[in-house]
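A.B. asks: have a look; sequence and predicted model below, questions after that.
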Amino acid sequence: MARAVTTQRKTINTTVAWGIGLLIFFPILWTILTSFKTEAQAINDPPLFLFFDWTLENYTVVQERSDYMRFLWNSVIIAGGSTLLGIIIAVPAAWSMAFVPSRRTKDILLWMLSTKMLPAVGVLYPIYLMFIQLGLLDTRIGLTLVLMLINLPIIVWMLYTYFKEIPGEILEAARMDGATLREEILYVLTPMAVPGIASTVLLNIILAWNEAFWTLNLTAAKAAPLTAFIASYSSPEGLFYAKLSAASTMAIAPILIMGWFSQKQLVRGLTFGAVK
Amino acid sequence: MIMRKTFGLAAGVLLATTVLAGAETLTIATVNNGDMIRMQKLTDDFTAKTGHEVEWVTLEENVLRQRVTQDIAAKGGQFDIMTIGMYETPIWAKQDWLVSLDDLPAEYDIDDILPAMRGGLSVDGTLYAAPFYGESSMIMYRTDLMEKAGLEMPDAPTWDFVADAARKMTDKAGETYGVCLRGKAGWGENMAFLTTVANSFGARWFDENWKPQFDSPQWKEAITFYLDLMNDAGPPGASTNGFNENLSLFQQGKCGMWIDATVAASFVTNPKDSTVADKVGFALAPDTGKGKRANWLWAWALAIPAGTQKEAAAKEFIQWATSKEYIELVALKEGWANVPPGARTSLYENPNYKDIPFAKMTLDSINAADPNNPTVEPVPYVGIQFVAIPEFQGIGTAAGQEFSAMLAGQQSAEEALAKAQALTAEEMEAAGY
Amino acid sequence: MATRHSRSAARLMMAPAVILLLGWMLVPLTMTLFFSFKKYLPLRGGDLGWVGFDNYTRFVTSSSFWPSVLTTLIIVGGVLLITVVLGVLLAILLDQPMWGQGIVRILVIAPFFVMPTVSALVWKNMFMDPVNGLLAHLWKFFGAQPVEWLSDASIFSIVLIVAWQWLPFATLILLTSIQSLDSEQLEAAEMDGAPPLARFGFITLPHLSRAITIVVLIQTIFLLAIFAEIFVTTGGSFGTRTLTYLIFQRVLESQNVGLGSAGGVYAIILANIVALFLMRIVGKNLDA
């Protein structure tokens, strides 16, 4: 007998869930709404929800002041590049850990994670000096490398937990059939690993996109991504809620939209081995 | 790596020769204040005149400070021009981190820079940063509320008058607060203001032997006065209000008086942003009759970090941005009220500028400030609302956090002063005084 | 199954990741250690010589050290508590049949995509501002005195902001885990007359323990490093100075690289104690 669900119960579930969902989403919604108000309307008492003169003025002002596309492009390159690089390095590592485990595999994994605990502020000075030596300050390559490194442990771990769920018997069967290692990876493993990799890629893009310490401290004009863009809109002189909202919306919109469209893929692999 | 560099260099040379001869791209770090954003918008004029391009790095004040300090201290060389203040200039210049600006051409008219500003941005008579705009602090008040309270603001009021007026103007139910003062922690936020209050009460940061003075009766009097006044007549959440927050409160008509930077005058009188534009009066910062007023001196200035490859082009930019012509350009496009104030004597002699209601009070406030003798008693340091030593940023902000917590009601004035005294002594000892 | 050949191949495949991370860990760590034994003040001429353990003693004896450790633990603990408890409840709710489940999931997941700087700015200005913030309007609407969030309830406010960002992450992992729960087991228990609370306590919660461990582990790694949320909102005032923030103040505000580096070493030690502690649990849970 399947559990019978009464319409009444479903209605209650729906109401509560929607209520909570909207509550959680509300700060974002409010930011988007405010971005279409004038500065005076943004601080109106009582607050205005939908009935105000919608205007695009803030977006024009923000665009006039800072070249949004340049920041966006840098964000895309840095987040995308570091993810791509990270995946290229992490897939073989995670693969070998999952399929050819040794006694030290777990130690290595945990050690990798522990490198993420290095406090960024504590090592800013050394890294800055290194970047000067290597000529990497304010370059996309430099930032891509740093973001790749800080997220690499998470990527490896996520892929590892995903690969581990792929049953080893399938591989053995393939081997019995005379598949070479290359064929094994290409035709058996890859199709099975795609959802996990996709999810890892998405998570990593989000993390890289939102990283705000290194991206701000290691860039000036050329490689500055959206995190630097937003740093010029926090508390300017005078009324600024509407402009801040517009800039915020512009900074989060691309990743929000990407996230929404790909949330199924993201969720599918976002288990870190939590599901067995 | 070396291959890449040579290739990049070659490409760069190729590019440079195809474009204008000697044309450079300057990277300029600046703060996101209104006047700088205006400068950013007018960059085309500079490019048209000189052929040099400009890439702007516009950041919020705290982020900017952190970035440029980090970069100059580690010799990162990311910026060709940095926007810095009167605090950084002497410290950096003494480290030979800044390029001297004494060789600017005659038409720049370096002697036209207001003496107070030039003094604060020079070390041993050499100018190291050119003032883009300068400010002191003064009282901005609501003429209508003052009238309603049955009072008349003198040109040079005392703290007693200000406190009395603030309490009379306050109507908490109607969300009108007699006085809005800085409370947000930071050496450039509440400590800048509190230090000027302390100066006017005869207190000082250090005695001649660099011993911290927070345990002096003058500090106690000043801090208690501030705390009582804010509790009676200040806005809610004052402990997180800095310049920007107070500006926005004043523009919304929620403050009776506001004692802050003179540059704010053009924002509060601008009808586009301010709901009280036509009801604002100005007065000198208050005193207690001890001979010092509670006004500071500050300039946002443009400086060239030593070691930049583009020194010549950077000088051209500074010459453009801090010139008399730039002021006229802004006046032409945005009106005289919006020109960068407080940098040049000629501006205050200009008949067009004399009509601006806050021009005279700004100049008087600037002229009343003396960074070498900030308070009643002698001090071993330079600076009015700051102490021009490298440790001050850290000390000022840490002390500011104690006073901010005091304003939030989390500790008493005595506790805050004792903690400020202890932490200052601790840091000064660490620095080797 | 693993031949010697595949062993060495595996080692080769792991090498790039291991070497890169080793370099990323060792080089800055060595430099931090180096600086931590020096009096290094960039604004006073840079390297002023070796000082032994001076920086280390100074950092721990400073009046702000222990409070900052405590603040760090409170913030991390607070966020973990909120996200795990609400995450479990939310996951159970989202697992129920309803209309428009996909859209609700989109709404719930959204905060995870917002960069920390933006969420801190939005919360600080548009919600927690005691005059113009939306929460102030709400309080006034009910006739209450608006709360001065960032000064009077500073730690709570920061925990709230950070928890808002991390709740989606916790919810998603827990939801996936709940969905994998064998529903027949629950039904059987239901038919046996087990009350909902008992079913939750004896079946759902044990099933979720693994997912909870993972949420705790991953979030702790990120939470120990939170910076933007504090920098933007309180700047470390009102008792919100975490260890990370204290180091930031030493290195960047006071420009005392030596002292800050010593602080960095302490932070690494603290992080590793927490990590060791966590990994014991996770390790056990992961093997199971």
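C.D. replies: Great, that's in hand.
A.B. asks: quick one: low-confidence parts of chain A?
C.D. replies: A:1-5, A:235-238, A:273-276 (pLDDT under 70).
A.B. asks: just the C-alpha atoms of stretch B:325-344, please, in PDB.
C.D. replies: This file holds the C-alpha atoms of stretch B:325-344, laid out as PDB (Å, rounded to 0.1, in the frame of the first residue of the first chain):
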ATOM      1  CA  GLU B 325      41.500  74.200 -14.800                       C
ATOM      2  CA  TYR B 326      40.000  71.000 -13.300                       C
ATOM      3  CA  ILE B 327      38.000  73.000 -10.800                       C
ATOM      4  CA  GLU B 328      36.700  75.100 -13.700                       C
ATOM      5  CA  LEU B 329      35.900  72.000 -15.700                       C
ATOM      6  CA  VAL B 330      33.800  70.700 -12.900                       C
ATOM      7  CA  ALA B 331      32.200  74.000 -12.300                       C
ATOM      8  CA  LEU B 332      31.200  74.100 -16.000                       C
ATOM      9  CA  LYS B 333      29.700  70.700 -16.000                       C
ATOM     10  CA  GLU B 334      28.300  70.300 -12.500                       C
ATOM     11  CA  GLY B 335      28.100  73.800 -11.000                       C
ATOM     12  CA  TRP B 336      30.300  75.600  -8.600                       C
ATOM     13  CA  ALA B 337      28.800  73.900  -5.500                       C
ATOM     14  CA  ASN B 338      30.300  70.600  -6.700                       C
ATOM     15  CA  VAL B 339      33.900  71.500  -7.300                       C
ATOM     16  CA  PRO B 340      36.400  69.800  -5.100                       C
ATOM     17  CA  PRO B 341      36.800  72.200  -2.100                       C
ATOM     18  CA  GLY B 342      39.500  73.000   0.300                       C
ATOM     19  CA  ALA B 343      42.600  72.600  -1.800                       C
ATOM     20  CA  ARG B 344      43.400  75.900  -3.500                       C
END
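A.B. asks: that one near chain A anywhere?
C.D. replies: No - using Cβ under 8 Å from any Cβ of the partner chain, stretch B:325-344 never reaches chain A; the gap is at least 12.1 Å. Where you see a C-beta, it was placed from the backbone N, CA and C, and this is true even at glycine.
A.B. asks: gap between that stretch and the chain center?
C.D. replies: 18 Å (Cα atoms, centre = their mean, to the nearest Å).
A.B. asks: list the buried residues in it.
C.D. replies: Buried residues in stretch B:325-344, defined by neighbour count with 16 or more other Cβ atoms under 10 Å in any protein chain shown: B:326-327, B:329-331, B:336-344.
A.B. asks: nearest to chain B: which residue in the stretch 101-250 of chain C?
C.D. replies: C:Pro130 (3.3 Å; Cβ to the nearest Cβ).
A.B. asks: mind checking how far the closest residue to that residue other than its chain neighbours is from C:Asp152?
C.D. replies: In this structure, C:Pro130 finds its nearest non-sequential neighbour in B:Gly237, 3.3 Å apart by Cβ to Cβ, 6 or more residues apart in numbering or on different chains. Applying Cβ to Cβ, to the nearest Å, the value for B:Gly237 to C:Asp152 is 9 Å.
A.B. asks: neighbour count: these two, which is higher?
C.D. replies: Ranked by neighbour count (other Cβ atoms under 10 Å in any protein chain shown), B:Gly237 and C:Asp152 place B:Gly237 first, with 27 against 16.
A.B. asks: what does the pLDDT read for the more buried one?
C.D. replies: As predicted, B:Gly237 sits at a pLDDT of 85.
A.B. asks: and the one 4 residues further on, by the same measure?
C.D. replies: The predicted local confidence for B:Asn241 comes out at a pLDDT of 89.
A.B. asks: so what's it up against?
C.D. replies: B:Asn241 sits next to B:180-184, B:235, B:249 when contact means Cβ atoms under 8 Å, 6 or more residues apart in numbering or on different chains.
A.B. asks: try it again with 7 Å
C.D. replies: Contacts for B:Asn241 (Cβ atoms under 7 Å, 6 or more residues apart in numbering or on different chains) come out as B:180, B:182-184, B:235.
A.B. asks: any chance of the buried residues of stretch B:325-344 in a markdown table, plus secondary structure?
C.D. replies: Formatted as a markdown table, the buried residues of stretch B:325-344 follow (DSSP: H, G, I helix; E, B strand; the rest coil):
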| residue | secondary structure |
| --- | --- |
| B:Tyr326 | helix |
| B:Ile327 | helix |
| B:Leu329 | helix |
| B:Val330 | helix |
| B:Ala331 | helix |
| B:Trp336 | helix |
| B:Ala337 | helix |
| B:Asn338 | helix |
| B:Val339 | coil |
| B:Pro340 | coil |
| B:Pro341 | coil |
| B:Gly342 | coil |
| B:Ala343 | coil |
| B:Arg344 | strand |
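A.B. asks: nearest to chain A among those residues?
C.D. replies: Nearest member of these to chain A, counting by Cβ to the nearest Cβ, is B:Asn338, at 12.1 Å.
A.B. asks: that closest one and B:Lys41, how far apart?
C.D. replies: Applying Cβ to Cβ, the value for B:Asn338 to B:Lys41 is 12 Å.
A.B. asks: same check, this time on A:Met69
C.D. replies: 18 Å.
A.B. asks: residue contacts, the nearest residue to C:Val232 once chain neighbours are set aside?
C.D. replies: Take C:Val232 and drop its neighbours on the chain: the residue closest to it by Cβ to Cβ, 6+ apart is C:Ala120, 3.8 Å away. By Cβ under 7 Å, 6+ apart, the residues touching C:Ala120 are C:161, C:228-229, C:232-233.
A.B. asks: surely B:Gly178 meets B:Met169?
C.D. replies: Yes - counting by Cβ atoms under 7 Å, B:Gly178 does reach B:Met169; the two are 4.1 Å apart.
A.B. asks: neighbour-wise, which of these two wins?
C.D. replies: Applying other Cβ under 10 Å to B:Gly178 and B:Met169 shows that B:Gly178 carries more neighbours, namely 28 against 22.
A.B. asks: three-state assignment of the more buried one?
C.D. replies: Following three-state DSSP, the label given to B:Gly178 is strand.
A.B. asks: the residue of the stretch 101-250 of chain A found nearest chain C: neighbour count?
C.D. replies: Proximity of the stretch 101-250 of chain A to chain C (Cβ to the nearest Cβ) peaks at A:Gly122, 2.3 Å away. Applying other Cβ under 10 Å, we find 28 residues neighbouring A:Gly122.
A.B. asks: restrict the contacts of B:Asn241 to contacts with chain C.
C.D. replies: B:Pro235 (Cβ under 7 Å from any Cβ of the partner chain).
A.B. asks: A helix includes A:Ala224, no?
C.D. replies: No - counting by three-state DSSP, one finds A:Ala224 to be coil, located in no helix.
A.B. asks: and residue 26, what does it touch?
C.D. replies: I'll assume chain A. Contacts of A:Phe26 (Cβ under 7 Å, 6+ apart): none.
A.B. asks: from the buried residues of stretch B:325-344, which two are the most distant?
C.D. replies: B:Leu329 and B:Gly342 (17.5 Å; Cβ to Cβ).
A.B. asks: got the contact list for stretch A:45-57?
C.D. replies: A:33, A:36-38, A:41, C:134, C:137.
A.B. asks: CSV please, covering these and showing neighbour count and distance to chain B.
C.D. replies: Shown next, in CSV, are the contacts of stretch A:45-57 (neighbours: other Cβ atoms under 10 Å in any protein chain shown; distance: Cβ to the nearest Cβ, whole Å):
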residue, neighbour count, distance to chain B
A:Leu33, 19, 19
A:Phe36, 20, 19
A:Lys37, 23, 14
A:Thr38, 16, 11
A:Gln41, 17, 13
C:Leu134, 17, 14
C:His137, 17, 12
